[in-house]
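Chemist: Kindly return the folded structure for what I paste below:
(chains A and B)
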Amino acid sequence: MKIATWNINGIKARLEVVKHWLETAQPDIVCLQEIKTIDENFPGEAFEEMGYNVATHGQKSFNGVALLSKIPFDEVNRGLPGDDGDEQARFIEAEFSTENGAFRVAGIYLPNGNPVDSEKFPYKLGWMERLTAWTREQLANEEPLVIMGDYNLIPQDIDTHDPKAWWGDALYHPESLSRFRTFEALGMTDAVRSTTAEPAYTFWDFQAGAWRKNNGIRIDHLMLSPQAADRLNGVNIHRDVRGWDKPSDHVPVVGDFAF
DNA sequence: ATGGCGGCTCAAAGCCGA
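Modeler: Model (predicted):
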């Protein structure tokens, strides 16, 4: 089963690109981030015509996540628990069942957190702590769990073309990394890094010729519970998509699982 | 060399992203 994450940077501007990618890649489950629209305006019919079930957690103008799945949802939950005052749409998760058992998939758009001297940075850190708390609860179920999305986090030097330039940014900051290490220490495996030691970027800025110069960073991740990691056959970053017409600044990351 | 974008919106210039 192919399970994918992709920050599309606006569904209105990206619908044709997303449809084309779905046709070529044929993923079974996809989480989209930054749909940038309310649920009512998400073009769910376009994906239903392609055989997907659709669930969204949208928001006007900014943020917003969606799940597309060729197998039916057993249950869908929207919003990251732990802060009733958080109105940003950044989290959706669903339970699925197959003849080989149940598994859970969460799609996240983790806050950027810049600038670090603003209220956005503690919001990011708090969001990461809430994600860790939710994950700790889920792991007690001992089922395959994939938490994937735009983490807005650079795990190591190798995940950026210019570590010195990025160090101290909210995406590569000791406080952000501290929360990420705690999350990993629960037993969550970074799918890409578990299969390659090479640089493998997932984002190239629209500005400054970043794509042409391969000035990328790796911030889109599939993080796996032990039971999901056991069933990982492989993972691919579809970097060619960055070179298509009207691209997002992120590319899809696809895990292949023995579910 | 250095700077270079793109999507969103009360629809123009301002906010946001990473």
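Chemist: any idea how far the residue of chain A found nearest DNA strand B lies from A:Asp249?
Modeler: Proximity of chain A to DNA strand B (C-beta to the nearest atom of the strand) peaks at A:Gly10, 2.7 Å away. All C-beta atoms are positioned from the backbone trio N, CA, C, and that covers glycine. Here A:Gly10 is placed at a distance of 11 Å from A:Asp249 (C-beta to C-beta, to the nearest Å).
Chemist: give me the number of residues near the closest residue in space to the residue of chain A closest to DNA strand B that isn't next to it in sequence?
Modeler: When the adjacent residues along the chain are set aside, A:Gly10 lies closest to A:Lys36, with 4.5 Å between them (C-beta to C-beta, 6 or more residues apart in numbering). The local packing of A:Lys36 (other C-beta atoms under 10 Å) involves 22 other residues.
Chemist: A:Lys36 and A:His221, how far apart?
Modeler: From A:Lys36 over to A:His221 the distance is 21 Å, taken as C-beta to C-beta.
Chemist: ditto for A:Ala208
Modeler: For A:Ala208, the distance to A:His221 - C-beta to C-beta - is 24 Å.
Chemist: Which one of the two is surrounded by more residues?
Modeler: Ranked by neighbour count (other C-beta under 10 Å), A:Ala208 and A:His221 place A:His221 first, with 25 against 10.
Chemist: Run through the residues that contact that one.
Modeler: Contact analysis of A:His221 by C-beta atoms under 8 Å, 6 or more residues apart in numbering lists A:5, A:148-149, A:151, A:153, A:155, A:190-192, A:253.
Chemist: out of those residues, which is most surrounded?
Modeler: Neighbour counts for the contacts of A:His221 peak at A:Thr5, which has 30 neighbours (criterion: other C-beta under 10 Å).
Chemist: in which helix or strand would I find it?
Modeler: When elements are defined using DSSP states H and E, A:Thr5 is found to belong to strand A:2-7.
Chemist: So is that strand next to DNA strand B?
Modeler: Yes: Strand A:2-7 reaches DNA strand B (C-beta under 7 Å from any atom of the strand) through A:Asn7.
Chemist: in its sheet, what does that strand sit against?
Modeler: Each strand that pairs with strand A:2-7, with its direction, by DSSP bridges: strand A:29-33 (parallel), strand A:253-257 (antiparallel).
Chemist: Relative to the whole chain's centre, how far out is it?
Modeler: Strand A:2-7 has its C-alpha centroid displaced from the chain centroid by 7 Å (C-alpha atoms, centre = their mean, to the nearest Å).
Chemist: Can you list the neighbours in contact with that strand?
Modeler: Here strand A:2-7 has contacts from A:18, A:21, A:25-34, A:105, A:107, A:109, A:146, A:148-150, A:203, A:220-222, A:248-257, using C-beta under 8 Å, 6+ apart.
Chemist: what's around A:Lys2, how many residues?
Modeler: If you count neighbours by other C-beta under 10 Å, A:Lys2 ends up with 17.
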